[in-house]
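Peer 1: All I have is the shape, not the residue letters:
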């Protein structure tokens, strides 16, 4: 993964990272339960473990993705979209999509990806049964290749990405 386009805390993809963190948290909770299970003063420990899992898997990524990224520090923001949808195999992902003049940034579950419009070879928008999906083909390895959401604003953001990509391609062809 090229650090020029990716800023991720975890080495796996979004879906793999979520699954690995979930398994790690459940194993840690099991280990704590086994080690402290016989002690009567720790009868409510299961609730604490579930709270930690909730914070690490849901609240943590949302707070992390609200912080300024290395991509945002050097660019001006045109539009921001916070959504819920499907990204890189993870259904039900909370994500943040930030549009810049040069490209867009996808933030989801401790991962941040910047995709310049000039690196997009092909872009298309599909209308699904309950939402929209934007597909993009890039020359960057490891970058998500689609994003889906049922929010109405997502359609406008997807159309903006498609328009900017086509205009960048037309400008580079001249």
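Peer 2: Good, I have the coordinates. Remember, predicted model here, so these are calculated numbers, not experimental data.

Peer 1: what residue ranges in the chain score low on pLDDT?
Peer 2: Applying pLDDT under 70 to the chain flags the ranges 1-2, 37-46, 88-90, 92, 174.

Peer 1: Point to the residue nearest the middle of it.
Peer 2: Central residue of the chain (CA atoms, centre = their mean): residue 108, 1.9 Å from the mean position.

Peer 1: which residues does residue 22 contact?
Peer 2: Applying CB atoms under 8 Å, 6 or more residues apart in numbering to residue 22 gives the contacts 53, 57. (Each C-beta comes from the backbone N, C-alpha and C, glycine too.)

Peer 1: circling back: disregarding flanking residues, what is the spatial nearest neighbour of the residue nearest to the centre of the chain?
Peer 2: Spatial nearest neighbour of residue 108, chain neighbours left out: residue 95 (4.0 Å); criterion: CB to CB, 6 or more residues apart in numbering.

Peer 1: again, but for residue 151
Peer 2: Nearest residue to residue 151, sequence neighbours excluded (CB to CB, 6+ apart): residue 83, at 5.2 Å.

Peer 1: May I ask which helix or strand encompasses the one you found?
Peer 2: strand 77-87 (DSSP states H and E).

Peer 1: Run through the neighbouring helices and strands of that strand.
Peer 2: strand 90-100, strand 146-149, helix 152-173 (3 or more CB pairs under 8 Å, 6 or more residues apart in numbering; DSSP states H and E).
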